[in-house]
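# no sequence on this one, just coordinates:
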């Protein structure tokens with residue numbers, strides 16, 4: 001039996017890991033474990049333990065981070081799967097196969113700069129991504145598999161389930177608003193987003209940090225208030241840690257330049273990107289430097305598959321354009337899906353496992 005550890009730096013890595021872990025359990029040749037960083041700045045550890053426990057997973061507990069690291073090394077896993085590679089050597093032994101299944105596919109430059117020589121293999125979404133990583137001198141061995149997080153989209157349809165769960169009006173189109181935590185459009189939109197979407201169902205899926213970190217609690221409190229005030233607004237609870245099932249019940253995505261914009265390409269449905277965000281003062285003063293350090297300019301240029309919203313007051317016009325011109329960007333959406341997501345047949349997890357088995361047997 002091959003022992004595998006899925007190392008979660010944060011709970012929001014779990015949707016990327018879970019399809020692979022569950023496929024391993026169905027395979028019958030793997031024993032799967034999970035562990036989450038114990039970080040005093042947020043409560044990810046406790047939420048991860050609860051959610052993984054509810055799923056029936058083997059969660060490795062500890063009283064503190066030092067004890068957790070000792071436990072992980074002591075179990076000497078055959079395979080350790082990471083969502084980012086920084087510090088990977090601390091959590092696995094020299095004999096472990098270290099795997100990077102990167103947690104996001106968005107516009108941040110860290111997608112291309114995440115490199116740790118301890119990682120043995122990195123699974124990537126598409127040939128385009130592989131070539132870009134090689135062009136930027138990433139030395140890790142790269143294998144194209146697709147994006148496991150999206151596997152459930154091809155295998156199940158949960159649209160009716162979520163319409164009932166959130167008591168959505170079935171004769172209205174549904175917007176999924178998925179802002180990131182920082183820099184975010186939440187503070188700029190404010191209540192106007194609820195006001196401008198009265199003819200739609202609006203599901204708000206906040207970033208996990210908005211629920212767990214004090215400095216973002218104002219985002220959570222705003223939408224808790226608005227969900228009470230507006231009958232068409234639904235706020236996904238913290239337990240709804242995986243955004244992918246919500247793709248199935250939505251007709252359009254509203255976000256910023258983020259991983260979610262690329263993930264939603266798998267649906268072929270319209271995407272609106274809010275080009276305005278609220279920056280901290282230090283980032284306003286040095287905006288170009290901030291954007292250069294944080295964002296990958298080449299990827300920003302690829303966001304032409306989306307409708308762009310320059311001012312919050314223009315949302316209704318852009319929504320009408322996106323809903324009424326579905327055919328206008330249809331071909332481009334397919335092209336960008338193939339470019340960034342690769343094969344979205346629901347079998348990315350199977351390809352990861354097949355490659356792992358081949359490595360372990362050689």
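Perfect, I can see it now. Note that the structure is predicted; figures quoted are calculated from it, not measured.
# okay, and for the protein, where does confidence drop off?
Residues of the chain meeting the criterion pLDDT under 70: 106-108, 155-156, 277-299.
# give me that answer again for 80
In the predicted model of the chain, residues 40-43, 106-110, 155-160, 181-182, 276-301, 325-328, 362 satisfy pLDDT under 80.
# quick one: secondary structure of the residue positioned nearest the centre of it?
Nearest to the geometric centre of the chain sits residue 104, at 5.3 Å (CA atoms, centre = their mean). Of the three states, residue 104 takes coil under DSSP: H, G, I helix; E, B strand; the rest coil.
# any idea how far residue 235 is from it?
23 Å (CB to CB, to the nearest Å). C-beta: built from backbone N, CA, C; applies to glycine.
# Can you tell me the closest non-neighbouring residue to residue 242?
residue 15 (4.1 Å; CB to CB, 6 or more residues apart in numbering).
# List the buried residues of the helix or strand harbouring the one you found.
Per DSSP states H and E, residue 15 falls inside helix 14-27. For helix 14-27, the buried set under the neighbour-count rule, 16 or more other CB atoms under 10 Å, comprises 14-24.
# which of the residues you listed lies closest to residue 313?
residue 15 (33.7 Å; CB to CB).
# What is the end-to-end distance of stretch 256-274?
5 Å (CA to CA, to the nearest Å).
# So which bits of it are buried?
So for stretch 256-274, counting by 16+ other CB under 10 Å, buried means 256-267, 269-274.
# Then stretch 34-51?
For stretch 34-51, a neighbour-count test (16+ other CB under 10 Å) marks 34-38, 42, 44-45, 47-49, 51 as buried.
# Now tabulate the residues you listed in JSON lines and tack on distance to residue 187 and secondary structure.
As requested, the buried residues of stretch 34-51 are exported to JSON lines (distance: CB to CB, whole Å; DSSP: H, G, I helix; E, B strand; the rest coil):
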{"residue": "34", "distance to residue 187": "34", "secondary structure": "strand"}
{"residue": "35", "distance to residue 187": "34", "secondary structure": "strand"}
{"residue": "36", "distance to residue 187": "29", "secondary structure": "strand"}
{"residue": "37", "distance to residue 187": "28", "secondary structure": "coil"}
{"residue": "38", "distance to residue 187": "30", "secondary structure": "coil"}
{"residue": "42", "distance to residue 187": "20", "secondary structure": "coil"}
{"residue": "44", "distance to residue 187": "23", "secondary structure": "helix"}
{"residue": "45", "distance to residue 187": "28", "secondary structure": "helix"}
{"residue": "47", "distance to residue 187": "25", "secondary structure": "helix"}
{"residue": "48", "distance to residue 187": "28", "secondary structure": "helix"}
{"residue": "49", "distance to residue 187": "32", "secondary structure": "helix"}
{"residue": "51", "distance to residue 187": "28", "secondary structure": "helix"}
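# could those residues be laid out in JSON lines, adding distance to residue 86?
Converted to JSON lines, the buried residues of stretch 34-51 look like this (distance: CB to CB, whole Å):
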{"residue": "34", "distance to residue 86": "19"}
{"residue": "35", "distance to residue 86": "16"}
{"residue": "36", "distance to residue 86": "15"}
{"residue": "37", "distance to residue 86": "11"}
{"residue": "38", "distance to residue 86": "16"}
{"residue": "42", "distance to residue 86": "17"}
{"residue": "44", "distance to residue 86": "16"}
{"residue": "45", "distance to residue 86": "18"}
{"residue": "47", "distance to residue 86": "22"}
{"residue": "48", "distance to residue 86": "19"}
{"residue": "49", "distance to residue 86": "23"}
{"residue": "51", "distance to residue 86": "24"}
